[in-house]
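*Asks:* Whatever this is, show me its structure:
(4 chains)
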2 protein chains.
Amino acid sequence: MNINKMQGQAGEVSGLLQACSHASRLLLLCQLSQEELNVGELETKLGLHQPSLSQHLGILRRQGLIEGRRSGQQIYYKLTDDRAKALVGSLYTIFCEQ
Amino acid sequence: MNINKMQGQAGEVSGLLQACSHASRLLLLCQLSQEELNVGELETKLGLHQPSLSQHLGILRRQGLIEGRRSGQQIYYKLTDDRAKALVGSLYTIFCEQ
DNA sequence: GCATTAATATAGCAATAGATAATATACCAA
DNA sequence: TTGGTATATTATCTATTGCTATATTAATGC
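*Replies:* I've put the predicted structure just below:
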């Protein structure tokens, strides 16, 4: 492992980790890595109040991890960032398998 | 991927991510996954002020990720948590290889 | 158009994090 | 014991985060 490489990426990586470092956002990313869901569905699945959920979605969106697609009144979100997908997968392997 | 499993772990995982979500702490973990280093060495390697460094080390220590061993006047730290090791390895793979 | 529902944005507040400066503790050597 | 070096802790300040409540925008059905 070459520390210099990590030094160049540290800002970007820590930004991603920061975005994932809240339990609700982590679960959001897990859900959205599996299926595309609209905000109302996420609200009931995760049991969050709408403004909080919207803020968390905003953080993930501004970080470039998720994308929304409007369909009528609903906006459907999914996880689009490959690195975030890989991270979620690794976290699942480390903490939920074995 | 079973979301329920992640739900049970979300608090613990987000705690770990929180600890890694600062560029200096991320680099600390990378360094300490490679070699045991004392505080003065870390200070010059990472270019941090001693009190900040000590605070970051304290956060990682209280989170159970690193352990210190006193040898004379110096305290040598290394990464001891297996999951954190696995995470750092995954992050390196995702962001620094490919 | 108007009313309704879905989603987003904003404001206010409490709690937390991070930087710096100053102080304290632990160890060692003379 | 005295002084020096290494590390930790504390205090203070500022900035950021997250929650709740409220307002605003967007789309639909009448």
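*Asks:* could you say which helix or strand contains the residue sitting nearest the centre point of chain A?
*Replies:* The centroid of chain A falls nearest to residue A:29 when counting by C-alpha atoms, centre = their mean (3.2 Å). Assigned by DSSP states H and E, residue A:29 falls within helix A:23-34.
*Asks:* Give me the helices and strands touching that helix, please.
*Replies:* The contact analysis (3 or more C-beta pairs under 8 Å, 6 or more residues apart in numbering or on different chains; DSSP states H and E) places helix A:23-34 against helix A:3-20, helix A:39-46, helix A:50-62, strand A:66-71, strand A:74-79, helix A:82-96, helix B:3-20. Every C-beta, even on glycine, is put in place using the N, C-alpha and C of the backbone.
*Asks:* mind running it again at 7 Å?
*Replies:* Packing partners of helix A:23-34 (3 or more C-beta pairs under 7 Å, 6 or more residues apart in numbering or on different chains; DSSP states H and E): helix A:3-20, helix A:39-46, helix A:50-62, strand A:74-79, helix A:82-96, helix B:3-20.
*Asks:* how about it: buried residues?
*Replies:* By 16 or more other C-beta atoms under 10 Å in any protein chain shown, the buried positions in helix A:23-34 come out as A:23-33.
*Asks:* show me the contacts for residue A:56.
*Replies:* By C-beta atoms under 7 Å, 6 or more residues apart in numbering or on different chains, residue A:56 lies in contact with A:22, A:24-25, A:28.
*Asks:* Residue A:87 too?
*Replies:* Residue A:87 neighbours (C-beta under 7 Å, 6+ apart): A:16, A:20, B:94.
*Asks:* Which pLDDT value belongs to it?
*Replies:* Listed pLDDT for residue A:87 reads 97.
*Asks:* That one and residue A:8: what is the separation?
*Replies:* Remark: distance between residue A:87 and residue A:8 (C-beta to C-beta, to the nearest Å) = 18 Å.
*Asks:* before we move on, what about residue A:17?
*Replies:* To residue A:8, residue A:17 is 16 Å away according to C-beta to C-beta.
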